[in-house]
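Trainee: Take a look and give me a structure for this.
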Amino acid sequence: MREIEDFTDDRLKAWCIHCGDLIADVESNRDHVPTKSFLTKALRECGANYDRGAGDELSYLPQVIVCRRCNSSFSSDENYLLCVLHAIMAGSLYPDPAKHPEAASILRSNRNVVRSLKRGPDGQTLLFDDLRPFTLFPDTERVRHVIVKNARGHAYHEIGEPLHEAPEHVAFVPLERLSTDQRDAFESTGVDADLAVWPEVGSRMTVNLLDEEAMVGGWITVEPGRYRYSIDWSGAVTVKTVIWEYLATETRWER
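Mentor: Below you'll find the model as predicted:
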């Protein structure tokens, strides 16, 4: 992605978007939105090079300033969701390193998460490790925690709007479970560049709306096949994401 400077009102940047504490009064750092581990190692390295001033202009990875305590509080759940995604995509909690090297490495390094997933309510992995179709029952609250974190960060990064309240609606489901009509509705962002309601003046989205290449189909792609998101602010603020072209999420804050 190309970095776009944020010119929104500085008064909107005074608080941590997660806890509401004054940034000036606490330790703060930059939080990547989306969660950096959802992206490939190659892209993460490109983003790190860009942050050091040595990368390509298209290697910027979206990030926002939050309090250090909040940023750290998401790490465990982000790692948990990463393990869940790898297990699902590989079809096993113990994937073959030859076929799924990244998944095998991640899951092997997180045996505590693997054990917790094996204790799922179905018990199938305890009794039938080779049962198909492979099914997991992850902790939905931990998944939700990460989805809201990223959605709140996307809204703040793109439209300059801090959403401190809890969202009224959070949903996530595998894309393959959506009917054709549901998929069409989900993929349609509802954003029109001729809207009477524009985002915060000076926000990154005002630039994106004027740049057709940056907003193809209304979706912003961080990495093809790995992560994309869209934001509709015309009524409620609705953030949609697709993780690994597998998990569809929708988070909404009513105005």
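Trainee: Please tell me how far D31 sits from A236.
Mentor: 23 Å (Cβ to Cβ, to the nearest Å). From N, CA and C alone the C-beta is placed, and that goes for glycine too.
Trainee: Settle it for me: which of these two has more neighbours?
Mentor: Each of D31 and A236 has its neighbours counted (other Cβ atoms under 10 Å); D31 has more, 26 against 13.
Trainee: mind listing the helices for the stretch 1-150 of the chain?
Mentor: 41-51, 68-73, 75-90, 101-108, 111-118, 124-127, 140-159 (DSSP state H, counting those that start in this stretch).
Trainee: what sits up against the second one?
Mentor: With contacts defined as Cβ atoms under 8 Å, 6 or more residues apart in numbering, helix 68-73 is touched by C16, H18, C19, V26, E27, S28, N29, D31.
Trainee: Neighbour-wise, which one of those leads?
Mentor: For the contacts of helix 68-73, neighbours tallied by other Cβ under 10 Å; top is D31, 26 neighbours.
Trainee: for it, what are its contacts?
Mentor: Q63, V64, I65, V66, C70, N71, F74, G153 are the contacts of D31 under Cβ under 8 Å, 6+ apart.
Trainee: What subset of these is buried?
Mentor: Burial by neighbour count, 16 or more other Cβ atoms under 10 Å: within those this picks out Q63, V64, V66, C70, N71, F74, G153.
Trainee: would a markdown table of these with pLDDT be doable?
Mentor: Formatted as a markdown table, those follow (pLDDT from 0 to 100):
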| residue | pLDDT |
| --- | --- |
| Q63 | 93 |
| V64 | 94 |
| V66 | 95 |
| C70 | 95 |
| N71 | 95 |
| F74 | 97 |
| G153 | 96 |
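Trainee: okay, these in a markdown table with distance to T35 next?
Mentor: Shown next, in a markdown table, are these (distance: Cβ to Cβ, whole Å):
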| residue | distance to T35 |
| --- | --- |
| Q63 | 11 |
| V64 | 12 |
| V66 | 13 |
| C70 | 14 |
| N71 | 11 |
| F74 | 8 |
| G153 | 9 |
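Trainee: Name the nearest residue to H145, sequence neighbours excluded.
Mentor: In this structure, H145 finds its nearest non-sequential neighbour in D77, 4.7 Å apart by Cβ to Cβ, 6 or more residues apart in numbering.
Trainee: ok, that neighbour to T40 distance?
Mentor: Plainly put, D77 is 21 Å away from T40 if you go by Cβ to Cβ.
Trainee: Show me which of the two is the more surrounded one.
Mentor: Counted by other Cβ under 10 Å, D77 and T40 do not tie: D77 has more neighbours, with 19 against 12.
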